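>>> Here is a sequence together with a model predicted from it:
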Amino acid sequence: MTDPLKIAVIVKPSPSTTRRDDRNMGMWSYPVPEFEWDFSSLGNGFLERRVSFHDYDLIFIEDGGNWGKFLGENGPRIVYYSIDSTLTDAHYQKRLRQASFSDLVLVDHDKPARFKASGRPVVQVPFCVNDRLFAPREKTIDVCFHCGAGASNPGGPARTAMRQTLDDICARHGWSYVSGAKGLDEYALHMGQAKVVVNIPRTPINRPHRVHDAMASGAALLTAPIPWIAEDKIEPSKHYRVIGDLERDLIDLLDNGKWQELADRGHNVNQAFHTWAHRAQEMRALFAERWGL
């Protein structure tokens, strides 16, 4: 078997990104045979010599929390992974600058063509799930809506309005309902307990990670329109439902019992293509093809 690559993973210094085996993102969450890694944070405005990471095969910069530049040409190659470039133009421009300092740009759900201006090779690599954290549980919640709001954030007012609308609908029908921004442990628990997860992306070009979290958790995803990404391998009506008439959609899924079939199809495609174990294999093959690693 090929020896694992040793990766320096640069992440923002928050508990949800740095705690091993219990991370909100799938990448770098639980042990895989393809990689070994250490987390570190460099902070905003960093200037770091890449040769100082000479003990590693690659440097992998995860979107957010570390804005700066690596210096010099000697040292490991740098991979930059962009996730949140679809929220505002400021988000995009900041990530485009980071991409220009890397040797390879990986893009979650944004259009790769938007990163061609970096002058670096760009590859679409969708979000993957920590499937040891997000998994089906006993279904005790009918409707779950854990999209963060905040009036100053993109999509915040629409999410606040949806929270109240769902509260009214669920009260009318006697459905159990949870909402509001939660910590990671409670968020993952509710995802796994929910029959239906409702989602509102922050912008029309944003596909939130919640799409994959819900499917991994065995919930039927009912969402406002999300962009189509070929590499996601998910299709509306087959793997998730796009909101039409919200109340009628929920009646059809819950009272008519259609949530389970939709949830099963979403879960199956997620487990086949979007676990960390699967993505690690794809990434190792990508690094081998490009650099012989």
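Right, received. Where do you want to start?
>>> Contact partners for the closest residue in space to Thr275 that isn't next to it in sequence?
If you skip the residues right next to it in sequence, Thr275 has Asp131 as its closest partner in space, 4.5 Å away by C-beta to C-beta, 6 or more residues apart in numbering. (Each C-beta comes from the backbone N, C-alpha and C, glycine too.) The contact partners of Asp131, taken as C-beta atoms under 8 Å, 6 or more residues apart in numbering, are 26, 216, 270-271, 275-277.
>>> Check whether Leu96 really touches Ala117, as I assumed.
Yes - applying C-beta atoms under 8 Å, one finds Leu96 in contact with Ala117, separated by 6.3 Å.
>>> Settle it for me: which of those two has more neighbours?
Shown here are Leu96 and Ala117; by other C-beta atoms under 10 Å, Leu96 has more neighbours (17 against 11).
>>> quick check, that one in a helix?
Yes - the assignment for Leu96 is a helix, going by DSSP: H, G, I helix; E, B strand; the rest coil.
>>> in a helix, that's where the residue nearest to Thr275 is, yeah?
No - with three-state DSSP as the criterion, Asp131 is located in coil rather than a helix.
>>> So it versus Ile7, what's the distance?
According to C-beta to C-beta, to the nearest Å, Asp131 stands 20 Å off from Ile7.
>>> Would you mind confirming that His267 makes contact with Leu221?
No - judged on C-beta under 8 Å, His267 makes no contact with Leu221 at a distance of 10.2 Å.
>>> so what sits against both of those two?
Here His267 and Leu221 have Met215 as joint contacts, going by C-beta under 8 Å, 6+ apart.
>>> So which of the two has more stuff around it?
Taking other C-beta under 10 Å, His267 and Leu221 do not tie; Leu221 has more neighbours (27 against 21).
>>> I'd like to know which of the contacts of Asp131 is nearest to Thr86.
Gly26 (18.9 Å; C-beta to C-beta).
>>> what's around that closest one, how many residues?
By the measure other C-beta under 10 Å, the count of residues near Gly26 is 26.
>>> Could you do Val129 as well?
27.
>>> Strands of the stretch 51-200 of the chain, residue ranges please.
Counting by DSSP state E, counting those that start in this stretch, the stretch 51-200 of the chain has strands at residues 58-62, 68-71, 77-82, 104-107, 122-124, 141-145, 177-179, 194-199.
>>> Just name the most buried of the ones you listed.
Counting by mean count of other C-beta atoms under 10 Å, strand 194-199 has the highest mean neighbour count of the strands of the stretch 51-200 of the chain, with a mean of 27.
>>> could you dump the very next helix or strand once past it to CSV, C-alpha only?
Sequence order places helix 210-216 as the next helix or strand after strand 194-199, per DSSP states H and E. Taking Å, rounded to 0.1, in the frame of the first residue of the first chain, the C-alpha atoms of helix 210-216 are listed here in CSV:
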residue,chain,number,x,y,z
ARG,A,210,-26.2,21.8,4.8
VAL,A,211,-27.4,20.2,1.6
HIS,A,212,-24.9,17.3,2.1
ASP,A,213,-25.3,17.4,5.9
ALA,A,214,-29.0,16.7,5.6
MET,A,215,-28.6,13.9,3.1
ALA,A,216,-25.9,12.2,5.2
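>>> elements contacting helix 210-216?
Secondary-structure packing of helix 210-216 (3 or more C-beta pairs under 8 Å, 6 or more residues apart in numbering; DSSP states H and E): helix 184-193, strand 194-199, strand 220-223, helix 259-273.
>>> go with 10 Å
The contact analysis (3 or more C-beta pairs under 10 Å, 6 or more residues apart in numbering; DSSP states H and E) places helix 210-216 against strand 141-145, helix 184-193, strand 194-199, strand 220-223, helix 259-273.
>>> quick one: average pLDDT of the fourth one?
This means strand 220-223. Across strand 220-223, pLDDT averages out at 98.
>>> from now on call the first residue 84
OK, 84 is where the count begins now, so the last one is strand 303-306.
>>> Next, count neighbours for Ile317.
Residues lying near Ile317 (other C-beta under 10 Å) number 23.
>>> cool, the one 5 residues further on as well?
By other C-beta under 10 Å, the residues close to His322 number 22.
>>> ok, it touching Gly349?
Yes - under the criterion of C-beta atoms under 10 Å, His322 makes contact with Gly349 at 4.5 Å.
>>> just for this structure, where's the confidence low?
Within the chain, the stretches with pLDDT under 70 are 84, 98-104, 234-235.
>>> hmm, 80 instead?
Residue ranges of the chain with pLDDT under 80: 84, 96-105, 232-236.
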